[in-house]
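J.: Quick one: sequence plus predicted model below, questions after.
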Amino acid sequence: MNDRKLQPIGIFDSGIGGLSVLEEARKLLPHEDFIYFSDSANFPYGDKKTNELKKIIIKNIKTLVDAGCKAIVIACNTATSVAITDLRKKFSIPIIGMEPAIKPALEGRHEKILVLATPLTLKLEKFNQLRSKLDKEDELIILPAKGLAGLIEKNVLNGSDKKEIKKYLEKLFSKINKKEISTVVLGCTHYVFIKDLVQKLFSGKKVIDGNLGTVQHLKKVLKEKNLLNKQKGKGNVCQINTK
Ligand code: DGL
């Protein structure tokens with residue numbers, strides 16, 4: 001009998017951003033096997049048109065479903081905003097999405113929250129819905145970071161000293177009154193790779209991402225559906241890259 005518990009979990013992103021989610025997932029679910037899918041051929045997602053992107057994402061997720069994944073994490077805020085509703089209609093396995101971690105950022109806070117994400121994530125209905133549900137909506141400052149994921153992909157992969165990114169961030173934050181900010185939300189999985197730089201520019205403030213919350217949710221869903229891999233050994237990771 002084919003034991004679904006032994007099947008891998010798919011982690012999907014446009015590039016390297018989802019690797020930060022994979023790392024967190026391997027800590028929390030060490031016995032699971034993973035397939036990491038990076039759609040480098042279509043990177044970056046954050047500057048694309050919605051309809052074009054939706055088709056690309058559905059095709060990629062079908063590849064992961066056909067590869068036998070028991071669940072999939074869309075480790076990309078942009079892809080989640082564009083396609084999560086369609087993906088859940090099309091595929092019957094659990095599909096976990098990501099959204100900027102605004103709710104935890106607002107808990108018990110009275111200062112402003114700075115939300116950093118791709119232009120597409122911040123423009124789409126999903127984000128507006130998330131935002132409008134908050135009773136402290138006016139406490140959010142929204143900052144689209146066009147081109148930042150691309151800079152990260154280029155600089156982090158070649159191990160550079162991130163000077164170019166530092167310059168970009170200084171310009172991006174130049175109009176922000178840092179004193180009124182309590183928390184910076186990294187609403188794109190690529191930005192987790194530059195958390196240290198953002199933290200330096202917002203010294204003494206909280207800088208948060210949604211990675212841990214996402215993999216905790218994944219674990220909960222797997223448990224509820226009796227899909228947790230109970231093997232003793234450490235799980236494997238294999239990769240699919242469209243480039
Ligand atoms: N990592 C993706 C996210 O979380 C976006 C990167 C891209 O623009 O492709 O939004």
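T.: Looks like it arrived, so ask away.
J.: going forward, measure contacts between C-alpha atoms and count neighbours the same way
T.: Noted.
J.: quick one, what contacts I61?
T.: The neighbourhood of I61, defined by C-alpha atoms under 8 Å, 6 or more residues apart in numbering, consists of F12, L87.
J.: Confirm that it lies within a strand, as I assumed.
T.: No: I61: not assigned to a strand; according to DSSP: H, G, I helix; E, B strand; the rest coil it is helix.
J.: near the ligand, which residues of the protein?
T.: Residues of the chain lying close to the ligand (C-alpha under 6 Å from any ligand atom) are 13-14, 17, 43-46, 76-78, 118, 149, 188-190.
J.: at 5 Å what do you get?
T.: Residues of the chain lying close to the ligand (C-alpha under 5 Å from any ligand atom) are S14, G17, F43, P44, Y45, G46, C76, N77, T78, C188, T189, H190.
J.: Just the buried ones from the residues you listed?
T.: Among the residues of the chain next to the ligand, the ones that count as buried by 16 or more other C-alpha atoms under 10 Å are S14, G17, F43, P44, Y45, G46, C76, N77, T78, C188, T189, H190.
J.: Let me have those in CSV, extended by secondary structure and pLDDT.
T.: As requested, these are exported to CSV (DSSP: H, G, I helix; E, B strand; the rest coil; pLDDT from 0 to 100):
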residue, secondary structure, pLDDT
S14, coil, 98
G17, helix, 97
F43, coil, 97
P44, coil, 97
Y45, coil, 97
G46, coil, 93
C76, coil, 98
N77, helix, 98
T78, helix, 97
C188, coil, 98
T189, helix, 98
H190, helix, 97
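J.: how about the residues you listed in TSV, adding distance to I208?
T.: Shown next, in TSV, are these (distance: C-alpha to C-alpha, whole Å):
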residue	distance to I208
S14	21
G17	15
F43	24
P44	22
Y45	22
G46	20
C76	15
N77	14
T78	17
C188	11
T189	11
H190	13
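J.: In contact with the spatially closest residue to A105 that is not a sequence neighbour, which residues?
T.: Of all residues not flanking A105 in the chain, T183 sits nearest, at 6.4 Å (C-alpha to C-alpha, 6 or more residues apart in numbering). T183 makes contacts with A105, K112, I113, L114, K205, K206, V207, I208, as judged by C-alpha under 8 Å, 6+ apart.
J.: which of those lies closest to the ligand?
T.: Among the contacts of T183, I208 lies closest to the ligand (C-alpha to the nearest ligand atom), at 13.5 Å.
J.: L29: what's it in contact with?
T.: By C-alpha under 8 Å, 6+ apart, the contact list for L29 reads K219.
J.: And the contacts of the strand or helix carrying I113?
T.: According to DSSP states H and E, I113 maps onto strand 112-117. Under the criterion C-alpha under 8 Å, 6+ apart, residues 100, 102, 105-106, 139-145, 180-188 lie in contact with strand 112-117.
J.: Would you map the helices across this protein?
T.: Ranges of helices within the chain are 17-28, 50-66, 77-90, 102-106, 119-123, 125-132, 148-157, 163-172, 195-201, 211-224, based on DSSP state H.
J.: Enumerate the positions of the helix-or-strand element of the chain with minimal mean pLDDT that are buried.
T.: The least trusted helix or strand in the chain, going by mean pLDDT, DSSP states H and E, turns out to be helix 102-106, with a mean of 84. Residues of helix 102-106 classed as buried by neighbour count (16+ other C-alpha under 10 Å): I102, A105, L106.
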